[in-house]
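Peer 1: heads up, no residue letters with this:
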């Protein structure tokens, strides 16, 4: 059985704690373990921080829509905004081999998302910018 959960809030840094609690609550309610919940919260936090600081840059802050679709074997988290589009696949990944003093600031958020999520997809059109993040669930039988 598929369960859908949705929350819309203003694109403000204060919203991040509300979204984290939402993800934590949905995971607890649907029997998703704390490790997967952490990965979802980390990915959401990184993506939404980028939306708030970069996606709505130079614009009035709009909204962010956070949706969780929980299936028996995976969670699909969709994050929608209406700011400037940003294609994550075009962003340079950080050089983790470089000494700290030579690394460029930023870029670790996308690295974290790609590391902890099973799939990452993005679509921007007249309906908004949508980031699709999937995490498989390994439930005990």
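Peer 2: Thanks, I have the structure now. Given the structure is predicted, the values throughout are model-derived calculations rather than measurements. Numbering: from 1, shown residues only.
Peer 1: got a list of what residue 84 touches?
Peer 2: Counting by C-beta atoms under 8 Å, 6 or more residues apart in numbering, residue 84 touches 54, 55, 56, 57, 58, 59. (Each C-beta comes from the backbone N, C-alpha and C, glycine too.)
Peer 1: from memory the second one sits against residue 83, does it?
Peer 2: Yes. Taking C-beta atoms under 8 Å as the contact criterion, residue 55 and residue 83 are neighbours in contact, 3.3 Å apart.
Peer 1: which residues do the two both contact?
Peer 2: Contacts common to residue 55 and residue 83, judged by C-beta under 8 Å, 6+ apart, are 11, 129.
Peer 1: Pull out the buried residues from the worst-scoring helix or strand of the chain on mean pLDDT.
Peer 2: When the helices and strands of the chain are compared on mean pLDDT, DSSP states H and E, helix 108-116 comes out lowest with a mean of 81. For helix 108-116, the neighbour count (16 or more other C-beta atoms under 10 Å) marks 109, 110, 112, 113, 116 as buried.
Peer 1: Go through the first helix or strand past that helix going along the chain and flag the buried ones.
Peer 2: The C-terminal neighbour of helix 108-116 among helices and strands, as given by DSSP states H and E, is strand 119-125. Buried residues in strand 119-125, counting neighbours by 16+ other C-beta under 10 Å, are found at 120, 122.
Peer 1: Then stretch 13-20?
Peer 2: Going by neighbour count (16+ other C-beta under 10 Å), the buried part of stretch 13-20 is 15, 16, 19, 20.
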